[in-house]
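1. make a model of this:
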Amino acid sequence: MERADPSIIRRLRCLLLVSLATLPTSILAHVTTSSAAGCKLNSVGGTIQHVIMLQFDNVHFRRDNPNVPSDIEQMPNLYNFLVQNGSVLTNHHTPLIAHTGTDILTTLTGIYPDRHGQPISNTYLFYSPDGAPHTALTFAYWTDRAEAFDGTLDGSKPGIYNLVTAQGKNTPAPWVSFTRAGCNVGGVATANIELERTTNVATVYGDGSPEALEASDTSPAGVAKTTADFIGIAIHCAQDAAICANSSHARPDNLPDEPGGYAGFAGLFGHKYVAPQINPSGPLTDLDEKLIVNADNGQSGFPGFNGMTAAVSLSYVAAMQEHEVPVTYAYLSAVHEVNDAGLGPGDPQYEQNLNNYDEAFGKFFARLAKDGINKSNTLFVVSADENDHFVGAGPLNPGCDGVNVPCHYDANLLGNVEVAIDTLLAQQNPPITTAFGVHDDSAPAFYLNGNPGQADAITRAFERGVGAIRVTNPLTGNTEELTNGLVDQVGLKILHMVTADANRTPTFVQFEKPDYHGLQAPLDCSDTATIMLCPGVEVWNHGDLHPDINVTWLGFVGPGVRQNGIDSSTWSDHTDTRPTILSLVGLQDDYEHQGRVLLELLRPEALAPSLRAHRDMFVELAQVYKQLNATVGQFGLDAVKISTAAIESNSSNDRRYADRERQLIELGSQRDLIADQMLKQLEAAVFNGQALGDERTQSLIDSARDLLDRMDELANDSDG
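-> Numbers count the residues shown, from 1 in each chain. Below is the predicted model of the structure:
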């Protein structure tokens with residue numbers, strides 16, 4: 001499953017994680033008791049008292065087989081709740097490159113990877129001073145430094161943050177706006193807002209603490225115990241909140257780079273210390289009343305990220321909501337896998353998984369309703385990190401629908417097509433043997449050793465070589481180009497994939513056709529093959545630039561939300577989720593988002609009068625802004641086309657490449673300037689009550705459309 005990151009397991013084999021900076025371990029001295037009544041959300045009419053954000057891993061609203069109802073269609077308890085009571089956007093998009101880490105972080109923050117630091121996940125590479133790339137893990141605690149599996153720090157000590165802003169600071173934390181408003185915030189297996197690694201334990205509790213001593217046991221049994229006790233679950237407390245004040249295990253919630261400061265806040269970290277606060281009557285059970293246990297040792301505690309089924313994850317959410325944690329973020333693991341092997345649509349086990357999830361949602365909504373937590377006082381936000389592309393032959397019984405007639409597959413024809421890129425490059429004439437590192441993926445990111453310049457001959461020869469690779473697809477028998485797109489650092493900047501940390505910017509990224517997975521030899525299923533379908537390995541591919549992957553869904557239900565049902569026309573992406581939530585609850589972040597409020601989903605009474613009066617202009621401005629600035633909006637997709645043509649070109653003195661790169665830089669700079677002005681108007685209209693100026697706003701819209709036209713013309717100019 002996605003959070004396990006199979007590439008780590010398969011290709012790195014072991015995970016070497018070393019302790020980072022140690023934070024103070026004393027409990028906050030000043031504590032008093034309080035309750036969830038201290039949570040001061042400022043929604044119109046004060047109707048929103050709870051916020052529940054759920055994000056699935058690769059669970060689809062669309063059908064992958066037209067005969068088989070989609071994942072969400074087969075969860076009628078969730079489907080009907082969303083469609084009948086709110087709005088579901090099915091033209092919702094991911095950032096690039098679409099993987100769980102990048103997508104959840106973008107959803108949490110409302111900013112693209114260039115401002116949270118993780119455009120490539122769930123692992124990523126960075127250059128060390130010796131010019132060689134090293135592999136690091138996206139999943140860490142929010143304030144962790146970037147550190148490779150071999151212990152190499154990214155940059156000089158204490159290193160660069162794993163989550164880093166465009167200014168090189170630690171990315172602002174998503175719980176802060178809520179805790180400052182007096183609301184406790186729960187994290188249930190959601191990327192980076194709880195402890196993710198065993199070394200995080202010493203970071204929070206201090207070297208020499210009993211917790212750190214437990215975490216120092218790196219045997220399989222020791223890791224399982226530490227995971228059960230301390231990983232994956234957290235509560236970030238408001239100041240003086242009873243849930244932290246009443247626990248001797250609360251620790252300072254340190255955010256040293258938070259704008260405006262963040263002193264006097266505490267948190268609880270791990271099932272061991274959270275569970276007694278949210279389930280004081282005894283061990284925590286899932287919604288089926290089964291004890292929640294770690295998958296590796298059977299101990300009561302966090303089951304591991306791939307154990308976060310709906311019955312487990314939603315049980316944590318319900319228990320938190322019932323015990324003074326009115327804002328909860330939760331991750332739910334995928335349904336289309338079992339024992340790390342992918343299943344085809346309509347497979348009997350897949351169908352059983354969906355049935356289990358549906359039953360869990362039925363129990364979840366019934367339990368919340370009994371608690372008085374419902375659509376009249378709660379904002380429900382539900383989404384999926386990304387969609388994915390099914391890699392395999394169709395069912396052996398093509399007329400199956402999964403529900404009435406199970407679908408059956410040839411297990412030898414399920415799995416992605418792995419390609420040993422280094423071997424294929426060495427077989428070209430002339431052979432290309434440049435040393436490089438690669439983040440293996442359906443969208444592999446290449447890091448040439450020594451980090452040569454973009455226009456250097458060694459870089460250009462390597463890029464052309466990758467672009468020239470042709471392969472025969474064993475699933476279809478078709479011989480085809482491997483590449484759908486090539487983007488170097490100029491294009492990556494336009495796609496919001498260049499961060500403040502130059503060390504982690506790849507030489508270039510190759511977007512492959514979605515059946516494929518590019519890596520260095522040997523393949524996962526063969527030591528000798530160069531191109532091979534690997535049965536059972538990543539049957540569901542994502543990361544690549546393809547509608548199967550980049551178009552996902554987002555649902556809102558609650559006070560202030562229109563009952564639009566299924567909305568397939570409104571264009572949105574993950575950056576829009578955060579500002580829309582904050583607009584509805586009447587809070588504001590201490591930084592500027594890169595997304596926009598989805599006014600199309602909001603009732604008039606949920607809008608400030610100045611915004612209500614200019615609603616149509618706001619929507620027009622916002623929609624054009626998204627096409628200009630979103631990673632997979634029109635401007636971004638055109639940038640990929642232009643970059644690909646430039647990189648694959650081989651004109652005299654590389655003139656075509658240089659010319660197109662220059663034009664991309666110019667157009668990208670103009671885009672940044674216009675998009676920044678548009679965003680400032682959008683943010684000010686929602687969060688500062690500033691009225692849109694008709695002439696000024698229309699001028700920006702016209703400028704943006706003109707730039708989109710110029711970019712599109714360049715993308716479709718085959719002679720330039």
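
2. any idea which helix or strand comes after the helix or strand of the chain with the lowest mean pLDDT?
-> When the helices and strands of the chain are compared on mean pLDDT, DSSP states H and E, helix 6-7 comes out lowest with a mean of 38. Beyond helix 6-7 on the C-terminal side, the first helix or strand identified by DSSP states H and E is strand 50-56.

3. quick check, distance from the helix or strand just after that following strand to the centre of its chain.
-> Per DSSP H and E, the first helix or strand lying C-terminal to strand 50-56 is helix 76-85. With C-alpha atoms, centre = their mean, to the nearest Å as the basis, helix 76-85 stands 24 Å off its chain's centre.

4. which residues are in contact with helix 76-85?
-> For helix 76-85, the external contacting residues (C-beta atoms under 8 Å, 6 or more residues apart in numbering) are 72-73, 88, 357-359, 361-362, 365, 375, 380, 382, 555, 557, 563, 565-566. C-betas here are computed from N, CA, C, even on glycine.

5. return the subset of the residues you listed lying in strands.
-> Of the positions in these, 88, 380, 382, 555, 557, 565-566 sit in strands, assigned by DSSP state E.

6. tell me which residue is most central in the chain.
-> Residue closest to the average C-alpha location in the chain (C-alpha atoms, centre = their mean): Asp103, at 1.7 Å.

7. just checking, that residue touches Asn387?
-> No. Between Asp103 and Asn387 there is no contact under C-beta atoms under 8 Å: 10.4 Å.

8. please name the residues that touch Leu519.
-> Contact partners of Leu519, counting by C-beta under 8 Å, 6+ apart, are 11, 418-421, 438, 440, 444.

9. among the ones in strands among the contacts of helix 76-85, who's most crowded?
-> Gly555 (28 neighbours; other C-beta atoms under 10 Å).

10. who does it bridge with?
-> Beta bridges link Gly555 to Val88, Val382, judged by DSSP bridges.

11. list the contacts of it.
-> Gly555 makes contacts with 82, 86-89, 380-383, as judged by C-beta under 8 Å, 6+ apart.

12. so how far is Gly372 from it?
-> Using C-beta to C-beta, to the nearest Å, we find Gly555 at a distance of 22 Å from Gly372.

13. repeat for Gly38
-> Gly38 is 18 Å from Gly372, by C-beta to C-beta.

14. quick one, which of these two is more surrounded?
-> Shown here are Gly38 and Gly372; by other C-beta under 10 Å, Gly38 has more neighbours (17 against 11).

15. now the closest residue to that one other than its chain neighbours: how far from His50?
-> Counting by C-beta to C-beta, 6 or more residues apart in numbering, Gly38 lies nearest to Gly182, which is 4.0 Å off, once chain neighbours are set aside. Computed as C-beta to C-beta, the Gly182 to His50 distance reads 14 Å.

16. settle it for me: which of those two has more neighbours?
-> Legend: neighbour count by other C-beta under 10 Å for Gly182 and His50, higher for His50 (24 against 18).

17. give me every residue that touches the more buried one.
-> Neighbouring residues of His50 by C-beta under 8 Å, 6+ apart: 321, 326-327, 373, 377-379.

18. again, 6 Å this time
-> By C-beta atoms under 6 Å, 6 or more residues apart in numbering, His50 lies in contact with 326, 373, 378.

19. mind listing what Leu667 touches?
-> Residues in contact with Leu667 (C-beta under 6 Å, 6+ apart) are Met711.

20. quick check: which element contains it?
-> Assessed by DSSP H and E, Leu667 sits inside helix 655-687.

21. could I get the average pLDDT for that helix?
-> Averaging pLDDT along helix 655-687 gives 97.

22. same question, stretch 691-705
-> The average pLDDT within stretch 691-705 is 94.

23. in that stretch, what counts as buried?
-> Residues 691-692, 697, 700-701, 703-704 are the ones in stretch 691-705 that count as buried (16 or more other C-beta atoms under 10 Å).

24. starting at the chain centroid, how far to that stretch?
-> In terms of C-alpha atoms, centre = their mean, the centre of stretch 691-705 is set 32 Å apart from its chain centre.

25. with stretch 157-169 instead?
-> That offset, for stretch 157-169, works out to 19 Å (C-alpha atoms, centre = their mean).

26. repeat that for stretch 614-629.
-> Its chain's C-alpha centre and that of stretch 614-629 lie 24 Å apart, by C-alpha atoms, centre = their mean.

27. what does stretch 574-594 give?
-> In terms of C-alpha atoms, centre = their mean, the centre of stretch 574-594 is set 17 Å apart from its chain centre.

28. ok so, going back, for the contacts of Gly555, give me TSV that also has distance to Gly208 and pLDDT.
-> Output for these, formatted as TSV (distance: C-beta to C-beta, whole Å; pLDDT from 0 to 100):
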residue	distance to Gly208	pLDDT
Leu82	49	98
Gly86	50	98
Ser87	52	98
Val88	50	98
Leu89	50	98
Phe380	43	98
Val381	41	98
Val382	42	98
Ser383	41	98
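
29. kindly reformat those residues as CSV containing distance to Gly270.
-> Formatted as CSV, those follow (distance: C-beta to C-beta, whole Å):
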residue, distance to Gly270
Leu82, 32
Gly86, 33
Ser87, 36
Val88, 34
Leu89, 35
Phe380, 26
Val381, 25
Val382, 26
Ser383, 26
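
30. for those, work out which two are farthest apart.
-> Pairwise distances among these were taken by C-beta to C-beta; the largest, 14.0 Å, belongs to Leu89 and Phe380.
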